[in-house]
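[1] Okay, predicted coordinates and the sequence, questions at the end:
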Amino acid sequence: MSGNEMAHLPVQFLSPVSKLTEIDISRNKFQGLDERLVVRLEKVKVHLDDNPWACDLCHITPMLSRVNESTWVKDAVCSLPQNLKGRRFEGLTVSALGWCGTGLGYREEEGFAGLALTHNAQLGIIAAGAAVALLVITMAAVVAGLLYNRHHAAFYYTNEEKRLAEREKMYSEPEKKVSIATIDEITKDPELQVLAS
């Protein structure tokens with residue numbers, strides 16, 4: 001399996017080989033190994049040289065937790081980040097490791113395409129920042145529009161309450177009757193004479 005530019009080795013690949021005693025995964029593109037694979041390889045002689053081990057919390061934590069139990073883990077050497085390049089796993093502690101693929105030590109070099117994490121991470125951060133900024137600007141525009149609309153809203157007074165009172169008063173009084181009288185009738189009836197004058 002040496003020199004195949006492999007970056008991942010599924011533990012299921014080794015399942016059929018129950019009596020595995022030695023495996024050579026050197027000269028590949030491994031940055032770290034899966035927890036289950038590390039456990040499976042504990043009692044096996046493993047050759048790991050010339051792999052671009054990324055010494056950060058995402059890639060080598062499972063290997064580092066077994067550094068005292070597996071001799072092959074001790075011999076692995078960090079390729080990235082730059083501040084840990086050349087250091088053996090045996091002397092590393094979890095506190096010395098940085099977060100996953102961050103910092104200036106991660107850049108594409110020597111054909112390790114999978115280790116160019118900083119550029120992609122920076123693009124992701126820029127995209128996320130732009131999305132947040134767009135969201136904030138949109139929210140500010142909506143709030144400003146609502147405040148403007150509220151400030152310039154027209155209030156129309158129709159005096160409905162006064163009209164209602166007049167309408168109720170008009171229907172509550174007894175209906176007035178109109179009568180027509182001639183001059184002769186007015187002169188004969190004393191009540192109509194009072195009204196005429």
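    Looks like it arrived, so ask away.
[2] By mean pLDDT, flag the weakest helix or strand of the chain.
    helix 190-196 (a mean of 63; mean pLDDT, DSSP states H and E).
[3] Let me see the mean pLDDT of stretch 43-51.
    For stretch 43-51, mean pLDDT rounds to 88.
[4] Against D50, how distant is the residue nearest the centre of the chain?
    Nearest residue to the geometric centre of the chain (Cα atoms, centre = their mean): A128, 8.1 Å. In this view, A128 and D50 are 36 Å apart by Cβ to Cβ, to the nearest Å. Quick note: C-beta positions are derived from backbone N, CA and C, even for glycine.
[5] ok, now I137?
    From I137 to D50 the distance is 50 Å (Cβ to Cβ).
[6] Between those two, tell me which one has more neighbours.
    More crowded of I137 and D50, by other Cβ atoms under 10 Å: D50, with 15 against 10.
[7] tally of neighbours for the nearest residue to the more buried one once chain neighbours are set aside?
    Nearest residue to D50, sequence neighbours excluded (Cβ to Cβ, 6 or more residues apart in numbering): R27, at 4.4 Å. Per other Cβ under 10 Å, the neighbour tally for R27 reads 17.
[8] same check, this time on the one 4 residues further on
    Q31 has 23 neighbours, counted by other Cβ under 10 Å.
[9] In which helix or strand does it reside?
    Under DSSP states H and E, no helix or strand contains Q31.
[10] isn't it right up against L48?
    No. Applying Cβ atoms under 8 Å, one finds Q31 not in contact with L48, separated by 11.6 Å.
[11] State the distance from the nearest residue to A7 once chain neighbours are set aside to N4.
    Ranked by Cβ to Cβ, 6+ apart and with sequence neighbours excluded, the top spatial neighbour of A7 is K29, at 4.2 Å. Here K29 is placed at a distance of 9 Å from N4 (Cβ to Cβ).
[12] These two: who's more crowded?
    The neighbour comparison of K29 against N4 (other Cβ under 10 Å) goes to K29, with 17 against 10.
[13] quick one: the residue nearest to A7 from L97, how far?
    20 Å.
[14] same thing with L48?
    To L97, L48 is 18 Å away according to Cβ to Cβ.
[15] Can you list the low-confidence ranges for this structure?
    Residues of the chain meeting the criterion pLDDT under 70: 101-122, 153-157, 170-171, 173-176, 178, 181, 186, 191-197.
[16] what's the single longest helix in it?
    Longest helix in the chain by number of residues (criterion: DSSP state H): helix 117-151.
[17] I'd like the next helix or strand past it.
    Assignment by DSSP H and E places the next element after helix 117-151 at helix 160-172.
[18] Would you mind putting the CA coordinates of the following helix or strand past that next one into PDB?
    Moving toward the C-terminus from helix 160-172, the next helix or strand (DSSP H and E) is helix 183-188. The C-alpha trace of helix 183-188 is given here as PDB (Å, rounded to 0.1, in the frame of the first residue of the first chain):
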ATOM      1  CA  ILE A 183    -105.100  82.000   6.300                       C
ATOM      2  CA  ASP A 184    -108.800  81.600   7.000                       C
ATOM      3  CA  GLU A 185    -108.000  78.600   9.300                       C
ATOM      4  CA  ILE A 186    -105.300  80.500  11.100                       C
ATOM      5  CA  THR A 187    -107.600  83.400  11.800                       C
ATOM      6  CA  LYS A 188    -110.300  81.100  13.200                       C
END
